[in-house]
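1. Based on what follows, work out the 3D shape:
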Amino acid sequence: MTQHNVQILDLPDEILLLVLKKLDNIDVLYSLLGINNHRLDVIVQEKIVTDVLSFVSISNLTEEISPISALALNRFRNGILPKIHKNVKSFIVESDSFECILGAATYPNLTQLKIFNLNKAFVSFHVISWVRYSSESIFEKISMDKYLND
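-> Residues are numbered from 1 along each chain as shown. Next up, the predicted model:
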């Protein structure tokens, strides 16, 4: 009997995308983008992988919300988000990482933003300053004008 040594990169792009879609998008991007494999770089930047990004994990047992690590957040801010910013449609973040994530790039297709662990200081600074002085707020990074004009 002959043995076949098949590796994941031997799969066609379509099958590889199906496999990657079953995994957490943040883990896929963090693990595979920028590892000196052009084919993987192209595949993981597809909209199916980059459209919804959740930077929090919610425990099934305690429903506790945990942010991603500072190291991962830094890599997303400096290397990953600027590459995929046009594909992002939805962010799920917690208030401590909000500014870092939204400040990494302009997101022309962002239509949904879920923010966890809000506090008065966050709301006062970001939301109220956006309403009063939109040019001084991080919300400027979102293409809000297309939603305000509808």
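
2. ok now do residue 29, which residues does it touch?
-> By C-beta atoms under 8 Å, 6 or more residues apart in numbering, residue 29 lies in contact with 44, 49-50, 53, 76, 80, 84. C-betas here are computed from N, CA, C, even on glycine.

3. Most neighbours among these, please name it.
-> residue 44 (26 neighbours; other C-beta atoms under 10 Å).

4. contacting residues around that one?
-> The contact partners of residue 44, by C-beta under 8 Å, 6+ apart, come to 20, 28-29, 32-33, 50.

5. List just the nearest of the contacts of residue 29 to residue 68.
-> Using C-beta to C-beta, residue 76 is the member of the contacts of residue 29 that lies nearest residue 68, at 7.7 Å.

6. right, and residue 34 touches residue 41 too?
-> Yes - if you go by C-beta atoms under 8 Å, residue 34 and residue 41 touch, sitting 6.9 Å apart.

7. pretty sure residue 66 is in contact with residue 57, am I right?
-> Yes - proximity of residue 66 to residue 57 meets the contact threshold set by C-beta under 8 Å, at 5.0 Å.

8. what about these two, which has more around it?
-> residue 57 (14 against 11).

9. hmm, who's touching whichever strand or helix holds that one?
-> Here residue 57 sits within strand 56-58, counting by DSSP states H and E. Applying C-beta under 8 Å, 6+ apart, the contact partners of strand 56-58 are 64-68, 92-94, 116.

10. Could you export the residues you listed as JSON lines, including pLDDT and distance to residue 5?
-> Below are the contacts of strand 56-58 laid out as JSON lines (pLDDT from 0 to 100; distance: C-beta to C-beta, whole Å):
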{"residue": "64", "pLDDT": "82", "distance to residue 5": "43"}
{"residue": "65", "pLDDT": "83", "distance to residue 5": "42"}
{"residue": "66", "pLDDT": "84", "distance to residue 5": "38"}
{"residue": "67", "pLDDT": "85", "distance to residue 5": "40"}
{"residue": "68", "pLDDT": "89", "distance to residue 5": "35"}
{"residue": "92", "pLDDT": "92", "distance to residue 5": "39"}
{"residue": "93", "pLDDT": "91", "distance to residue 5": "41"}
{"residue": "94", "pLDDT": "89", "distance to residue 5": "43"}
{"residue": "116", "pLDDT": "85", "distance to residue 5": "44"}
